[in-house]
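sequence and computational prediction follow.
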Amino acid sequence: WDSRASMNPSEYAPSAGDRLSTKDNVAAEQCGPSAFAKRGAVPRASEEPKDAMPTLNVTTNVPVDRVAASDLVGALSKAVAELVGKPEAYVMVSLKPDTPMSFGGNEEPCAFGELISIGAIGGEKNKTISSGLSRILEEKLGVPPKRLYLKFFDVERPNFGYNGTTF
């Protein structure tokens, strides 16, 4: 991790060793150090855990306002990290609400999820993950577990890109 991640944004100023694009330099000059730090620290390639990157994509026909979406994405992110056993810093969650969908011939609340991970899923563990994610989607969206399909993808490291390369 970039050690600057724990610094107060007002204390951060790019050092001479930082490689910044022209766009970054313009942003830093126009917005100041605190805006530059808001881009967030990302793990350096040499410091990535061996099996990172759980990604959960959820599509649902339930309309969700911005506040509820933020709450749901946060809850799912924490749950994925705990259930898969990987740091939340590497978890990505996307939500596509209010999508025209049908399940079982009707349009009552339903959802489809895809959990992609390099390792840490499979077999009996998927049942635990499915149960945990189903509970959250029922609580936050009103989607009953019997109206959720969840697909698990255990991908090989060369088949998932990050930071301009693959894992």
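Yes, it's here.

how about the strands in the protein?
55-60, 92-96, 111-117, 148-154, 161-162, 165-166 (DSSP state E).

quick check: E156 touching G119?
No. In this structure E156 lies outside contact range of G119 using Cβ atoms under 8 Å: 9.3 Å. All C-beta spots, glycine's among them, are computed from the backbone N, C-alpha and C.

count of neighbours near I121?
20 (other Cβ atoms under 10 Å).

do the same with V58
Using other Cβ under 10 Å: V58 sits among 25 other residues.

identify the bridge partners of the nearest residue to it once chain neighbours are set aside.
Distances taken as Cβ to Cβ, 6 or more residues apart in numbering put G113 closest to V58, at 4.7 Å, once the chain neighbours are dropped. Counting by DSSP bridges, G113 forms beta bridges with V58, L150.

what about G113, distance to R147?
Distance, G113 to R147, using Cβ to Cβ, to the nearest Å: 12 Å.

the helices in the chain, which residues?
Ranges of helices in the chain, per DSSP state H, are 22-31, 33-37, 66-84, 124-141.

how about low-confidence regions in the protein?
Applying pLDDT under 70 to the chain flags the ranges 1-52.

picking up where we left off before, wait, which of the strands of the chain is closest to G74?
strand 92-96 (8.4 Å; Cβ to Cβ).

okay, angle between the closest one and helix 66-84 too, please.
Here strand 92-96 points in a direction 140 degrees away from that of helix 66-84 (axes from the mean of the first three to the mean of the last three Cα atoms, to 10 degrees).

pull out the buried positions in strand 92-96.
Buried positions in strand 92-96, judged by neighbour count with 16 or more other Cβ atoms under 10 Å: V93, L95.

and it, which strands flank it?
strand 55-60 (parallel).

the partner strand to strand 148-154, inter-axis angle?
160 degrees.

buried ones in strand 55-60, by neighbour count?
T55, L56, V58, T59, T60.

same question for stretch 67-85.
L72, V73, A75, L76, S77, A79, V80, A81, L83, V84.

excluding sequence neighbours, find me the nearest residue to D98.
Excluding the flanking residues, the one nearest D98 by Cβ to Cβ, 6+ apart is P63, at 4.3 Å.
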